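Visitor: just need the structure, nothing else, for what follows:
(one chain, ligands or ions: 3)
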Amino acid sequence: MPARVIPIADHRGSTRLPAVPAALRAPNGRLADTRGRALHDLRISVTDRCNFRCTYCMPKSVFDKDYRYLAHDELLSFEEIVRVAALFAAHGVSKVRLTGGEPLLRKNVEDLVAMLAALRDANGEPLDLTLTTNGALLPRKARALKAAGLKRLTVSLDSLDDAVFRAMNDVDFPVADVLAGIDAAEEAGFRDIKVNMVVKRGVNDADIVPMARRFKGSGRIVRFIEFMDVGSSNGWRMDDVVPSAEVVARIDAHLPLVEAAPNYTGEVAERWQYRDGTGEIGVISSVTQAFCGTCTRARLSTEGRLFTCLFAQSGHDLRALLRGGRSDAEIAAAIGLIWEARDDNYSEIRTAETARLRKIEMSYIGG
Ligand code: SAM
Ligand code: SF4
Ligand code: SF4
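Guide: Numbers count the residues shown, from 1 in each chain. Ligands and ions are numbered 1, 2, ... in the order given. So this is what the prediction gives:
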C-alpha cells in the first residue's frame, strides 16, 4: 500500500487547533474512531527531558547542550493534566501511563500520581495507573509513588552486560543501579513490574537469552521491543530490527516457550509462557506485525498536544483550549471529534520512505 504523503514537520510536529463543535455531546464512555477502535488508553508525557541519552531515542548528536527543551510555562501543569485526563476517562479511558522523557525527573511527580489516582473511569472504577521509567531515580522515588497510588511500573533495561548498557544509555549508567531501582520498587510494594528491552541487531541482541534467564521465575515479565523508527534522529534501518519471531525462537531454543492468549483485546505485547510454568515473556512487534487494527491509545505530549499515533507528524493543541477559557464540555467535545476522525495506521504502511519522514520524537510524545 503506498504511504500517505505527510508534510515535513519540526521535531515536535506541526500543530492544529482542535475544532469545537457548536452542538456539544456529553461523553458516553464509548468513543470509536473511523475503524471502530475504542479509546481506552492515555499516555501522558510529563517531561521532554531525560538523564539518559539512549542512542535509539535521544542521541547526543541531536539532544546536545544546544537542544531547546520546553520551558516550564510551556508544560501542562498538574492541574491541567488532571483536567484533561478526567475528560478522557469520561470518554472511555481506563488506563493511564505516565512517561516522557524520564517521568521521574518531573518535580513532585508523585503529587500528580495522587491526583490521577483520585479519578474514576466511565464505570466509576479507579484508573489503571502505571508509569514507565529508566529506573535511575527509583531508589529515591519508589516509596512515594506507591504511597501516592501508582499501581504498576515498567522499568527499561536494554542489557545485563554493563559495557553494552553504558554504551546504549550513553551516559555511562551502570546496570547494577537499574537493578537496584527494580529492587527498591519491589521493596516499596510494587508487585507488577515489567522490564522493557529494546532490541537492536548487533548492539544488544546477544543479551536476549541472558535477559530472559535473569528474570525467569522472578515474577518480572521482560518485554522485548522491536527497534522502531520513531522520531527522525535515531538513524533507524530495517536491518537493525530483530523480528520478534526471532527473539522468541532464540529464547525457545534454550528455555522452551508456548504461546499464551492475550489478557485483553488490544494488548500490545504478545505473550509467551515458559513451558515449565515459571513465568512469561512478552514481545512487542510494532515493525514486523502491525497492531494498528486494535490500537486504542491516545498520547498527550508534555505541552498538551493530543496525538492519535506514535508516528504522527502533527498534534492537536489541547493546551490552547485549556488556557483559552474553554469549558470542560467544549474540550470533551473537541477530544471526541478528534478521536472519531482518527484513521491512523502507520505501522501498516511503513516503508523505507516513511521511516525517513520527520516524525515526533519519542522523548517528547512518550513511549
Ligand atoms: N524514560 C523512560 C524509559 O526509558 O523507560 C520512559 C520514556 S521511553 C521513551 C519509553 C519506552 O520507549 C522505553 O521502554 C524505551 O526503551 C522505548 N523506546 C524509546 N525509543 C524507542 C525506539 N526507537 N524503538 C523502540 N522502543 C523505544
Ligand atoms: Fe530517556 Fe527513556 Fe529515551 Fe532512554 S528511552 S533516552 S531513558 S526517554
Ligand atoms: Fe497505533 Fe500508530 Fe502504532 Fe498503529 S502505528 S499501532 S495506529 S500508534
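Visitor: what sits against V164?
Guide: When contacts are counted by Cβ atoms under 8 Å, 6 or more residues apart in numbering, V164 touches 158, 203-204, 206-207. Every C-beta, even on glycine, is put in place using the N, C-alpha and C of the backbone.
Visitor: quick check, distance from stretch 115-129 to the centre of its chain.
Guide: When C-alpha coordinates are averaged (Cα atoms, centre = their mean, to the nearest Å), stretch 115-129 and its chain have centres 19 Å apart.
Visitor: can you check stretch 24-35 too?
Guide: With Cα atoms, centre = their mean, you get 23 Å for stretch 24-35.
Visitor: list the contacts of that stretch.
Guide: With contacts defined as Cβ under 8 Å, 6+ apart, stretch 24-35 is touched by 38-39, 87, 90-92, 121-123, 293, 308, 329-330, 332-333, 336, 339-343, 345.
Visitor: in PyMOL, select just the buried ones from those residues.
Guide: Applying 16 or more other Cβ atoms under 10 Å to those, the buried members can be selected in PyMOL as follows:
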select buried, resi 38+39+87+90+91+92+121+122+308+330+332+333+336+339+342+345
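Visitor: closest to ligand 1 among the contacts of V164?
Guide: Taking Cβ to the nearest ligand atom as the measure, ligand 1 sits nearest to D158 out of those, at 6.9 Å.
Visitor: isn't the closest one right next to A206, touching?
Guide: No - contact criterion Cβ atoms under 8 Å: D158 and A206 do not qualify, at 11.8 Å.
Visitor: looking at these two, which has the bigger crowd around it?
Guide: Using other Cβ atoms under 10 Å, the more surrounded residue of D158 and A206 is D158, with 27 against 12.
Visitor: so who does that one touch?
Guide: The contact partners of D158, taken as Cβ under 8 Å, 6+ apart, are 54, 164-165, 168-169, 197-198, 204, 207.
Visitor: and what of A188?
Guide: Contacts here follow Cβ under 8 Å, 6+ apart; on that basis A188 touches 142-143, 145-146.
Visitor: dump the residue contacts of the nearest residue to A312 once chain neighbours are set aside.
Guide: Among residues not flanking A312 along the chain, I360 sits closest, at 5.9 Å (Cβ to Cβ, 6 or more residues apart in numbering). Counting by Cβ under 8 Å, 6+ apart, I360 touches 9, 11-13, 230-231, 301, 307, 310-313, 315.
Visitor: ok, E259 next?
Guide: Going by Cβ under 8 Å, 6+ apart, E259 touches 270-273.
Visitor: just the closest of those to R250, please.
Guide: Comparing these against R250 with Cβ to Cβ picks out W272 as the nearest, at 11.8 Å.
Visitor: on that earlier part again, whichever of the contacts of I360 end up buried, select them in ChimeraX.
Guide: Applying 16+ other Cβ under 10 Å to the contacts of I360, the buried members can be selected in ChimeraX as follows:
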select :9,11,12,13,230,231,301,307,310,311,312,313,315
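Visitor: near ligand 3, which residues of the stretch 251-367 of the chain show up?
Guide: By Cβ under 6 Å from any ligand atom, the residues of the stretch 251-367 of the chain that approach ligand 3 are 286, 291-292, 295, 309-311, 344-347.
Visitor: how much space between the residue nearest to A312 and ligand 1?
Guide: Remark: distance between I360 and ligand 1 (Cβ to the nearest ligand atom, to the nearest Å) = 11 Å.
Visitor: between the contacts of A188, which is nearest V175?
Guide: Closest approach between these and V175, by Cβ to Cβ: A142, at 18.0 Å.
Visitor: switch the contacts of A188 over to a markdown table; also include distance to ligand 2, neighbour count and secondary structure.
Guide: Below are the contacts of A188 laid out as a markdown table (distance: Cβ to the nearest ligand atom, whole Å; neighbours: other Cβ atoms under 10 Å; DSSP: H, G, I helix; E, B strand; the rest coil):
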| residue | distance to ligand 2 | neighbour count | secondary structure |
| --- | --- | --- | --- |
| A142 | 17 | 26 | helix |
| R143 | 21 | 16 | helix |
| L145 | 17 | 27 | helix |
| K146 | 21 | 18 | helix |
